[in-house]
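Asks: could you work out the structure for the sequence below:
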Amino acid sequence: MRMNFSDLNTKLKKIALKEDKGHLDHPEDLIFLGGSAGAKRAVDAIVKTAKNPKTVTIKWDGYPAVIFGRNANNKFSIMDKHMFNKKDGTGRNVFSPEEFVQYDKARGVDRGELYRIVSELWPGLEKASSSAQGYYWGDLLFSSPLQDKNGLFTFKANPNGITYTVQVDSEIGKLMAGKMAGVAVHQYLAPDAMSTDQATTLNGTIGQLQNNSDVAVVPSAMPSKPNIKVDTSLVQEANAAISKYGAAVDQMMDTAPQARNSFNGLFTVFVNKKIVSGNLDNLLADFMKFFENRSSNPGGMEMQLSNHFHENEQGLIGAFTIWIAIYKLKMSVVAQLNEAAKAAPVKGYLNDGTETHEGFVANGLKFVDRMGFSRQNLAGRG
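Replies: Okay, the predicted model is just below:
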């Protein structure tokens, strides 16, 4: 394998093309993030999901994401993920819409329209969590009353994402009717939690929250349990790839001359670029071109990485071989989940009219058609 990585630019913080993964990973990416152990976990999670589909929940495409609820002193707050994770705790000590604005002003940030949304959500979500402990993590689905058009509610929270329709006379339609906003919840955090890494799944429920205000608290449960069949040939293909290349991938990852997060990012950023291009062919060759075209200023780390990849040819080949094998296995499940969801009163559509959801969540991972939703979402961000 001939490589020329002399022009590699490893300053990933300058690369704008990123996909917000929050706290959930794509199964196939675990080969980059956790080596062979991560890949084995991915295959195991996909098989478990197929065998126990009642664990699957809908991944609503809402925006923005909000965390709301009560701390150990029962004081209510609304914040975003970055505020919640602020190490000094100041982001979790915002107890009114006015304090939310002041928090941003103190750090020189103006988030404009978000302040109106937070102010309008505040009373409803505070009431909905009046009997609840801890925090709830969810996504805003709509922020003005929905209109009944031919028996359907239609809304789109993420400008680059999914357009939803909900049957007005369905259970979820009745939940949304007449509400000034809707928030889909999916994760829970204890009152004393200090990081979103401590979040646990709500398994499709709304926990201790109540639908007693002008904000609809929307669960993420699938409307009916899907019937999923495991493609054993794809499971065998993924396991064979891990068996053949796992040790070489681990060697490449464990001996990388760069911090692990930055090294992992080389792969995930590249994969997202391929997804936007609409073509997952020739991953290895295009990965080499990706490096060759990154910078005209060779030096230091670039040369070390170039040498590292030369010395770990089998690891590089194996990483992409395993990624594709797991992606194919996952997509065999996603296709069945999308088909099952077509019978639901909630439907989602891409900009081209393709019926689909953003994705689904099960066993701590997200099951997303990255050539569908992810491609549209990433491309829309430029």
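
Asks: and the host helix or strand of Q251, what does it pack onto?
Replies: Assigned by DSSP states H and E, Q251 belongs to helix 232-254. Applying 3 or more C-beta pairs under 8 Å, 6 or more residues apart in numbering; DSSP states H and E, one finds that helix 232-254 contacts helix 30-51, helix 260-277, helix 313-341. Every residue, glycine included, has its C-beta placed from N, CA and C.

Asks: how is this structure partitioned into domains?
Replies: Residue ranges for the domains of the chain, per automatic domain parsing: 12-56+226-380, 62-144+179-218.

Asks: okay, now A72: neighbour count?
Replies: 11 (other C-beta atoms under 10 Å).

Asks: what sits against it?
Replies: The neighbours of A72, taking C-beta atoms under 8 Å, 6 or more residues apart in numbering as the test, are P191, D192.

Asks: and the helices in the stretch 151-300 of the chain, which stretches?
Replies: Along the stretch 151-300 of the chain, counting by DSSP state H, counting those that start in this stretch, helices occupy 171-176, 232-254, 260-277, 283-292, 300-311.

Asks: of those, which is nearest H26?
Replies: helix 260-277 (9.0 Å; C-beta to C-beta).

Asks: N160: which of the domains of the chain is closest?
Replies: Closest of the domains of the chain to N160 is domain 12-56+226-380, at 2.9 Å (criterion: C-beta to C-beta).

Asks: pLDDT weak spots in this protein?
Replies: Applying pLDDT under 70 to the chain flags the ranges 1-23, 294-299, 382.

Asks: what about 50?
Replies: Confidence mapping of the chain against pLDDT under 50 gives the ranges 1-22, 296-297.

Asks: hmm, back to that, output the helices of the stretch 151-300 of the chain as CSV; include the columns distance to V118.
Replies: Listed next are these as CSV, based on distance: least, C-beta to C-beta, whole Å:
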stretch, distance to V118
helix 171-176, 20
helix 232-254, 41
helix 260-277, 30
helix 283-292, 39
helix 300-311, 41
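
Asks: to L152, which of the domains of the chain lies closest?
Replies: It is, among these and with distance given as C-beta to C-beta, domain 12-56+226-380, at 8.9 Å.

Asks: which residue ranges of the stretch 51-200 of the chain form strands?
Replies: Taking DSSP state E, counting those that start in this stretch, the strands of the stretch 51-200 of the chain run over residues 57-59, 65-70, 76-79, 134-142, 152-155, 163-167, 181-189, 200-201.

Asks: include mean neighbour count when you put the ones you listed into a markdown table, please.
Replies: Formatted as a markdown table, these follow (neighbours: other C-beta atoms under 10 Å):
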| stretch | mean neighbour count |
| --- | --- |
| strand 57-59 | 22 |
| strand 65-70 | 23 |
| strand 76-79 | 21 |
| strand 134-142 | 23 |
| strand 152-155 | 18 |
| strand 163-167 | 20 |
| strand 181-189 | 24 |
| strand 200-201 | 16 |
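
Asks: export the domains of the chain as a markdown table, with columns for distance to N158.
Replies: A markdown table is the format used below for the domains of the chain (distance: least, C-beta to C-beta, whole Å):
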| stretch | distance to N158 |
| --- | --- |
| domain 12-56+226-380 | 7 |
| domain 62-144+179-218 | 4 |
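
Asks: coming back round to it: compare the strands of the stretch 51-200 of the chain and give me the one nearest S332.
Replies: Checking the strands of the stretch 51-200 of the chain against S332 by C-beta to C-beta gives strand 57-59 as the closest, at 17.9 Å.
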